[in-house]
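Q: got a sequence here, can you model it:
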Amino acid sequence: MNRSVVITGLGPLCSIADSADSFWDSLCAGSSSITPIETFDASGFSCPIAGQVTAKVRDWVPKSYRKATKVMARDTELAVIAAKIAADDAGLLTSGSDESDTGFKINPARTGCQIGAGLIAADTAEMSRAVVTATDDKGTFNTQSWGTEDSGSSGMNNLPPLWLLKYLPNMPACHVTIIHGLCGPSNTIMGAEAGALLSIIESTRVIQRDSADLCLTGGAESRLNPLGLLRWDYAGRLANLKDNPDIDPADILKPFDPDSIGSIMGEAGGMLVVEEESHANARNARPYARISGFGSTQSLNPVLPIFNEEPSTTDDALSRAVTIALSKANLNPEDIDAVLPLGIGHPSLDTREANALRSSLGSHAESVPLFILTNRLGNTLSAHAGMMTSAGALMLQKQMLPANAICLSNSQDYPKKTTTPLNHILICTSSLAGQCGALVLSKI
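A: Residues are numbered from 1 along each chain as shown. Below is the predicted model:
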């Protein structure tokens, strides 16, 4: 069934915004908010700075649900806050709305939820308190003591009682659906930087096959903890500030620039409301943009440190995803007015991404404006494509290119916001493990 799907609500939660309006204002101003990590002592890490969110989850949930926030990992908190922002922006009334709110009361059975999530890192203090009870007399960790009952106890039993319910990757979607009373199709997709985009694609498919009229969708993730930051450092993707102690944080991450010294982490919740177009029109919603095409692929050779072979200079999977999305949208490369790529700031990975754009867009790739978020927010992983989609939807609604867009040929740049006709915008990203997604948004 070919049901048209539009975006009717935005929930961009990041280091520079907590609403659609503040997000747009920050983008137009060219704002960046990369600061020293405050949630733990990161001074021993190679990259101790990040884009951080200041919002507190207790301020965004109903009073009756505040006890449940004690079993929310940071990733879940971000998803819950961003979902509330998106639902409010779409004018929806759910079981998570305030009593004084007005708007469209959703049909729970016809409202779904798909959220991109990452490998949620355990709190080191919680884990450490349990680990020390499973060590031998020499202080060495003992796997048998960790998992085997001995006189009614084991190291694992010293974890908090609801520990597992805090760190399962499907917990963001779980809490969002409970808070808002969503009874339609629900799913969690783990795809690192592509996670949110793949979730938006899945939500679009859910609506197109008439399994729901609208969905809360997107992604959320925070790696601003010792385990999360360490994993990404081991992946070889973070800037090493120990070798560059005096560099300005604003000058570190340079997308598609061979002089960039690496990437920076960020945390965010990038949630949206996507809706069947006639359903949106019937309730007098204000669509930002139409989803006119999408594509998803998987690389056979993701670029990971465990592989010794030299990676190819083109991300063929990303190129295929873009080509599929354009085909489904019935568009030619020249029809795309702007692109929101990942631009992670890692020179070899950026080269692969740039060549994927050249492969799929042809010569148009050299001159089309590229608008990138990583140098403003950091790499927000599973949330990132949700933030990119929100930015693209706002660009189409405002008919404006925010500040500091670039192009691959370096023939021109856009230091200030620019009013320009925008009909179709491409959002695309690869990911750590090789999942790729592409989405075409079109002007309403």
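
Q: what is the burial count for the nearest residue in space to H364 that is not next to it in sequence?
A: Nearest residue to H364 in three dimensions, chain neighbours excluded: P333, at 4.5 Å (C-beta to C-beta, 6 or more residues apart in numbering). For every residue, glycine as well, the C-beta is placed using N, CA and C. For P333, the neighbour count with other C-beta atoms under 10 Å is 17.

Q: now do P333, the pLDDT please.
A: pLDDT, P333: 98.

Q: quick one: residues contacting it.
A: Counting by C-beta atoms under 8 Å, 6 or more residues apart in numbering, P333 touches 326, 360-362, 364-365.

Q: those residues: which two are farthest apart?
A: L326 and A365 (12.3 Å; C-beta to C-beta).

Q: start to end distance for stretch 201-215?
A: 11 Å (C-alpha to C-alpha, to the nearest Å).

Q: A117 reaches S382, doesn't it?
A: Yes. If you go by C-beta atoms under 8 Å, A117 and S382 touch, sitting 5.5 Å apart.

Q: okay, the two: which has more neighbours?
A: Neighbour count, other C-beta under 10 Å: between A117 and S382, S382 has more, with 39 against 28.

Q: quick check: the more buried one is in a strand.
A: No. Applying DSSP: H, G, I helix; E, B strand; the rest coil, one finds S382 to be helix, outside a strand.

Q: buried ones among the contacts of P333?
A: 326, 360-361, 364-365 (16 or more other C-beta atoms under 10 Å).

Q: dump the residue contacts of the residue nearest to the spatial centre of the chain.
A: Nearest to the mean C-alpha position of the chain, by C-alpha atoms, centre = their mean, lies A383 at 1.4 Å. A383 makes contact with 14, 78, 82, 116, 196, 218-221, 267-270, according to C-beta under 8 Å, 6+ apart.

Q: same thing but 7 Å
A: For A383, the contact set (C-beta atoms under 7 Å, 6 or more residues apart in numbering) comprises 78, 196, 219-221, 268-270.

Q: can you pull out the helices in the stretch 101-250 of the chain?
A: 124-131, 143-147, 164-167, 171-180, 195-208, 226-234 (DSSP state H, counting those that start in this stretch).

Q: export the lowest-mean-pLDDT helix or strand in the chain as PDB, just CAs?
A: Least confident element among the helices and strands of the chain, by mean pLDDT, DSSP states H and E: helix 143-147 (a mean of 83). Only the C-alpha atoms of helix 143-147 are listed here, as PDB (Å, rounded to 0.1, in the frame of the first residue of the first chain):
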ATOM      1  CA  THR A 143      34.500 -16.200  36.500                       C
ATOM      2  CA  GLN A 144      33.300 -19.000  38.700                       C
ATOM      3  CA  SER A 145      32.900 -16.700  41.700                       C
ATOM      4  CA  TRP A 146      31.000 -14.300  39.400                       C
ATOM      5  CA  GLY A 147      28.400 -16.700  38.100                       C
END
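
Q: contacts for that helix?
A: Against helix 143-147 from outside (C-beta under 7 Å, 6+ apart): 134, 154-156.

Q: including pLDDT, secondary structure and distance to P245, could the contacts of P333 go into a markdown table?
A: Output for these, formatted as a markdown table (pLDDT from 0 to 100; DSSP: H, G, I helix; E, B strand; the rest coil; distance: C-beta to C-beta, whole Å):
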| residue | pLDDT | secondary structure | distance to P245 |
| --- | --- | --- | --- |
| L326 | 98 | helix | 45 |
| S360 | 98 | helix | 40 |
| L361 | 98 | helix | 39 |
| G362 | 97 | coil | 43 |
| H364 | 97 | helix | 41 |
| A365 | 96 | helix | 36 |
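
Q: reformat those as TSV; add distance to T148.
A: Shown next, in TSV, are those (distance: C-beta to C-beta, whole Å):
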residue	distance to T148
L326	56
S360	54
L361	57
G362	61
H364	62
A365	58
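
Q: out of the residues you listed, which is nearest to T102?
A: Closest to T102, out of all of the contacts of P333 and judged by C-beta to C-beta, is L326, at 40.3 Å.

Q: mind listing what that closest one touches?
A: Counting by C-beta under 7 Å, 6+ apart, L326 has contacts 293, 333, 440.

Q: and P185, by the same measure?
A: 112, 206, 211-212.

Q: I427: which of the residues you listed is nearest?
A: Relative to I427, and with distances defined as C-beta to C-beta, the nearest of the contacts of P185 is V206, at 19.0 Å.
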